[in-house]
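Novice: A structural model of the following input is requested.
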Amino acid sequence: MNRVVLGGCFLTIALFGCNSGKPPATDNVIPVNLMTVNERGVLYYDRLPATMAALSSVDLRAQVQGYVTGIYFTEGQHVTKGQKLYEIDERLYQAQVDQAQANLKVAQGNQVQAQQDADRYDYLNKYNAVAKQTLDHAVIALQNAKNETAAAEQQVKTAETNLTYSVIRAPFDGTIGFSQVKLGNTVSVGTTVLNTVSSDDPMGVDFFIPESQLSHYLELKNHAQKDIDSLFTVILPDHSIYPHVGHISIIDRAVDPQTGTIHIRVDFPNPKFELRAGMSGVVRVHNQELTPKMVVPAKAVVEQMGEYFLYVAKDTVYHAAGQDTTKAKSDTARLRAIQVKVILGQTIGPNVIVESGIKEGDKIIVDGVQSVHDGSPVTTANKANPAAAGGRGR
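Specialist: This next block holds a predicted model:
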C-alpha cells in the first residue's frame, strides 16, 4: 500500500515538474499594437550640410616696397569699393614722379629745338642753300627727340602709377579682416599679405549632392526654381532659420569620382551681413515629390548592423505532428511577427518614409517591437502594456 502511495506521489511530482518547465503556448504570445500602412502625400525638406562662401575674395598685397605709414579702416567691418585702406611711405615715389616730370620737360625742349632745326633746313633746301645730308641729319634728330619725349612720358606714367600703388584701396564692396601688418612695418612687393577682403552680399552657400540627383538640380536651375516658394532655405549654426531664400547660381563642371557627389552653390541675399564666409549651416531643399509615400512611425523601425527592419504581422497556421487538423487550426492559428528589410527615406518629425520593403495594406508592429523576433506569436489583445514589455534594445 505504501509503495502504491509513494509511486503516485513521484508520478504527480514528475508530471508537475514537466508542466512547469514548459508553459502553455498561449503564455508566450506578445501583446502589440499594429498600424495599417497607407500611402499619402508628404511635404518635407532634404537637409544637407553646407558652408558659407564669399563670391569674391582677395588677398591685399603691396605693389611697391616701403614702410606702412597709414591704416584707415576698422578690422572686421564692411568697406566700400575704392575706400582707402593702407598707405605706404610715398616720399620716394613722389620724388620719382617729380624727376620723371623734369626729364619730360627736358625731352620736350629738345624736341622743340630739333623741330626748329628741321624746319629751317627744310626751308633752305628748297633754295639749294644747304647740303642734303644736313637736312637728313636734322630730320633724324627730330625723330629721336620725339622718341625721347615719348619715353619720358611713359616714365612719368610709371612713376605716377607707383605713387598710386603706395595707397591700397578696397577692390570691391565687402568685409575686411584682421590686418596682417602694423604701422611702421616694411612690406615687400607681391609677397607681404596686408589683409583679406571678401564680398558679403550676396553670400554663396556651398553643399554637395549625390550624382543621382544631378538631373533634378539642373532642372531646378534652368526652369523651376523661380516657380517654387522657399525652394532653398538655410538653418544657421544657432538652429534659427535664415529669413531669406536662395537660388542656384553654380553647378560644378564635374562629379567627384572619389565620393560620387557634385558641388552646388546657392546664392542668398545678405543685407545685414549675418552670413559670414566659412560659417557652417544646413541647407533645406523643399521637396517637390508628388508621388504618395508610405510613412510609418520611426519607433517601429529596428536597426541591425546598419540595416533597417520592420515587423509585419501576418496570419499563420502551424500543424503539430499527430494532431487532428481541425483541432490544430483552432488551437494554433494566430498572428506572427515577420521581419522584413526596408529602405528608408526622409525623416519627417516622429515618422519616416519607407521607400521599399513593405506594401500598402501591410500591418506593421508599432508598439512591442522590443519584445518580438522573427516568427514571434503576437496578439492585439493588449493584456499588458506593450511599451512596458522588456526585451532586446533597438
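
Novice: keeping just the C-alphas, turn stretch 73-83 into PDB.
Specialist: Once non-C-alpha atoms are left out, stretch 73-83 reads as follows in PDB (Å, rounded to 0.1, in the frame of the first residue of the first chain):
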ATOM      1  CA  PHE A  73      39.800 101.100 -41.600                       C
ATOM      2  CA  THR A  74      38.300  99.200 -38.700                       C
ATOM      3  CA  GLU A  75      39.100  95.500 -38.800                       C
ATOM      4  CA  GLY A  76      36.100  93.200 -39.400                       C
ATOM      5  CA  GLN A  77      33.900  95.900 -40.800                       C
ATOM      6  CA  HIS A  78      32.300  96.500 -44.200                       C
ATOM      7  CA  VAL A  79      34.300  98.500 -46.700                       C
ATOM      8  CA  THR A  80      33.200 100.000 -50.000                       C
ATOM      9  CA  LYS A  81      34.900  99.800 -53.400                       C
ATOM     10  CA  GLY A  82      37.700 102.400 -53.700                       C
ATOM     11  CA  GLN A  83      37.900 103.100 -49.900                       C
END
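
Novice: make 16 the first number, not 1, from now on.
Specialist: That works, and once the first residue is 16, the last one we named lands at stretch 88-98.

Novice: ok, residues contacting it?
Specialist: Contacting residues not belonging to stretch 88-98 are listed as 87, 100, 184-194, 212, 215, 288 [CB atoms under 8 Å, 6 or more residues apart in numbering]. Backbone N, C-alpha and C define where each C-beta goes, glycine included.

Novice: switch the cut-off to 6 Å
Specialist: With CB atoms under 6 Å, 6 or more residues apart in numbering as the test, stretch 88-98 has contacts from Leu100, Arg184, Ala185, Phe187, Asp188, Thr190, Ile191, Phe193, Ser194.

Novice: for Asn285, see how far away the fourth one is.
Specialist: In other words, Phe187. Using CB to CB, to the nearest Å, we find Phe187 at a distance of 14 Å from Asn285.

Novice: the more surrounded of the two?
Specialist: Set side by side, Phe187 and Asn285 show unequal neighbour counts under other CB atoms under 10 Å, the larger going to Asn285 at 19 against 15.

Novice: quick check, that one in contact with Ser214.
Specialist: No - Asn285 is beyond contact range of Ser214, at 9.2 Å (criterion: CB atoms under 6 Å).

Novice: ok now the longest strand along the chain, how far from the chain's centre?
Specialist: The strand that spans the most residues within the chain, counting by DSSP state E, is strand 349-363. For strand 349-363, the gap between its own C-alpha mean and the chain's C-alpha mean amounts to 32 Å (CA atoms, centre = their mean, to the nearest Å).
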